[in-house]
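**Q** sharing a model that was predicted from the sequence below.
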Amino acid sequence: MILDKIENTHLYSGLSKRIETALKYLNETNFKELGNGTYDVVKGEIFAIVNRYDTIHESEEKLEAHKKYIDVQFVYEGNEMLGYLTKTDQVVFRDYDEEEDYELYNGKKNMIEFNQGMFAVFFPDDLHAPGIHIETSTRVTKIVVKVLI
């Protein structure tokens with residue numbers, strides 16, 4: 001997992017061409033102009049999901065993992081808590097859904113504040129539980145860029 005401020009994306013340009021493209025998209029796109037939905041960045045390889053939502057209580061969110069895509073998540077507006085954990089021997093809550101590319105896990109989460117202007121990169125062994133409220137539910141605008149592995 002990588003967690004940093006959006007102004008530091010240049011530090012990660014050498015990870016892969018696709019991740020570099022995703023980070024460039026996050027830096028150059030005006031998300032105020034985009035409604036909720038899915039947007040192609042590079043057809044068949046990279047797409048972005050713009051989502052506005054209210055954060056939820058930690059007990060309502062399971063840890064998730066992906067096999068086909070790396071998640072690059074960016075908090076455009078708002079603040080939330082982010083649960084995370086390295087995948088080891090956690091108990092599967094919901095088996096892998098190949099079409100939707102996710103599986104869910106039970107387990108204790110390490111928590112960190114994921115604030116406006118921050119981004120995170122989640123690789124397949126990075127379990128993550130986003131969208132958790134800090135003290136009370138708040139509105140968040142988040143962009144998740146899915147990068148084909």
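**A** Received, thanks.
**Q** identify the residues contacting Gly37.
**A** Gly37 makes contact with 49-50, according to CB atoms under 8 Å, 6 or more residues apart in numbering. Heads up, the C-betas are built off the backbone N, CA and C, glycines and all.
**Q** next one: Ile56
**A** Ile56 neighbours (CB under 8 Å, 6+ apart): 131-133, 137.
**Q** same check on Val41?
**A** 21-22, 25, 47-48, 145.
**Q** tell me the pLDDT at it?
**A** In the predicted model, Val41 carries a pLDDT score of 98.
**Q** now it: how far from Val147?
**A** 9 Å (CB to CB, to the nearest Å).
**Q** okay, the contacts of Val41 in JSON lines with pLDDT and distance to Asn79 next?
**A** Output for the contacts of Val41, formatted as JSON lines (pLDDT from 0 to 100; distance: CB to CB, whole Å):
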{"residue": "Thr21", "pLDDT": "98", "distance to Asn79": "27"}
{"residue": "Ala22", "pLDDT": "98", "distance to Asn79": "22"}
{"residue": "Tyr25", "pLDDT": "98", "distance to Asn79": "22"}
{"residue": "Phe47", "pLDDT": "98", "distance to Asn79": "25"}
{"residue": "Ala48", "pLDDT": "98", "distance to Asn79": "21"}
{"residue": "Val145", "pLDDT": "98", "distance to Asn79": "20"}
